[in-house]
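1. Build me a model from this:
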Amino acid sequence: VVSGYVDVIMARVFDHQHVLELAKWADIPVINGLSDYNHPCQAAADALTIQENLGNLKNLNVTYIGDGNNVSVSLMHICAKLGANFTIANPEGYGMDQEAVALGEKFAQESGSSIRQLTDPVEAVQGAQAIYTDTWVSMGQDEEAAKRQAVFPPYQVNQKLLEGADKDAIVLHCLPAHRGEEITDEVADGPHSRLFPQAHNRLHAQKSILVKLLT
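-> Numbers count the residues shown, from 1 in each chain. Presented below is the predicted three-dimensional model:
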């Protein structure tokens, strides 16, 4: 029925299977606005922001610090597709879905890039030109909040961590940020930050997806 009301459906869901089921039965394009598996629309804005600031993503070093969540999966996939080297650092037990990593490694092999999974954030940012972080507690994880907030402090993106990165590195976050947790005020408001241009680019990324689907 909904297919007869609109031209496109954009769905944000907890369970990735729900968006797959919706796409299966819809007669119109379905956009994954976010699921527990990935966040491709965010990744489109991320890639645009990196390109605007650093040029072609080919051979760039992109590092994600924190939970191996939906945002990290899509960032890994788009980096691998576009030829950027992707590194993630997270505590043991909080890594990305390994089937998603296998798909990312396939993309990386095709583009000539690499994927690294580490537990040491200091090692992960060495030479990084773009550093990305996200919330430690994602949707539906409220019961884990106390445990996560005890485990993740060593993975905070702060000025000391940035000392090991490229001197012109940019810092990204999909927002909203929990200042004082995954990122400090000093970094979020500092010269390396591209948080607000990145947020603005969500609009342009969404428009490009609609143009692709409707023209």
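2. ranges for the strands of the protein?
-> For the chain, applying DSSP state E gives strands covering 9-12, 30-34, 61-65, 85-89, 115-118, 130-133, 170-173.
3. Show me what the fourth one packs onto, helices and strands only.
-> Counting contacts by 3 or more C-beta pairs under 8 Å, 6 or more residues apart in numbering; DSSP states H and E, strand 85-89 packs against strand 61-65, helix 70-82, strand 115-118, helix 121-124. Where C-beta positions appear, they are placed from N, C-alpha and C, glycine not excepted.
4. Nearest to Val13 among those would be which one?
-> Of all the helices and strands packed on strand 85-89, helix 70-82 sits nearest to Val13, with 10.8 Å by C-beta to C-beta.
5. now what about that closest one, what contacts it?
-> Contact with helix 70-82 is made by 34-40, 42-44, 46-47, 57-58, 62, 64, 66, 85-86, 88, 96-97, 100-101, 103-105, 107-108, 111, 113, 115, 132, 134, 138, 174, as judged by C-beta atoms under 8 Å, 6 or more residues apart in numbering.
6. Any of those residues buried? List them.
-> By neighbour count, with 16 or more other C-beta atoms under 10 Å, the contacts of helix 70-82 hold 34-40, 42-44, 46-47, 57, 62, 64, 66, 85-86, 88, 96-97, 100-101, 104, 107-108, 111, 113, 115, 132, 134, 174 as buried.
7. Just the ones in helices from the contacts of helix 70-82, please.
-> Counting by DSSP state H, the part of the contacts of helix 70-82 found in helices is 40, 42-44, 46-47, 100-101, 103-105, 107-108, 111.
8. At the geometric centre of this protein, which residue do we find?
-> Residue closest to the average C-alpha location in the chain (C-alpha atoms, centre = their mean): Val71, at 3.4 Å.
9. about what we covered before: need the ones in helices among the contacts of helix 70-82 in CSV with distance to Val8 and pLDDT, can you?
-> Formatted as CSV, the ones in helices among the contacts of helix 70-82 follow (distance: C-beta to C-beta, whole Å; pLDDT from 0 to 100):
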residue, distance to Val8, pLDDT
Pro40, 15, 99
Gln42, 18, 99
Ala43, 19, 99
Ala44, 15, 99
Asp46, 22, 99
Ala47, 21, 99
Ala100, 25, 99
Val101, 30, 99
Leu103, 25, 99
Gly104, 27, 99
Glu105, 31, 99
Phe107, 26, 99
Ala108, 30, 99
Ser111, 29, 99
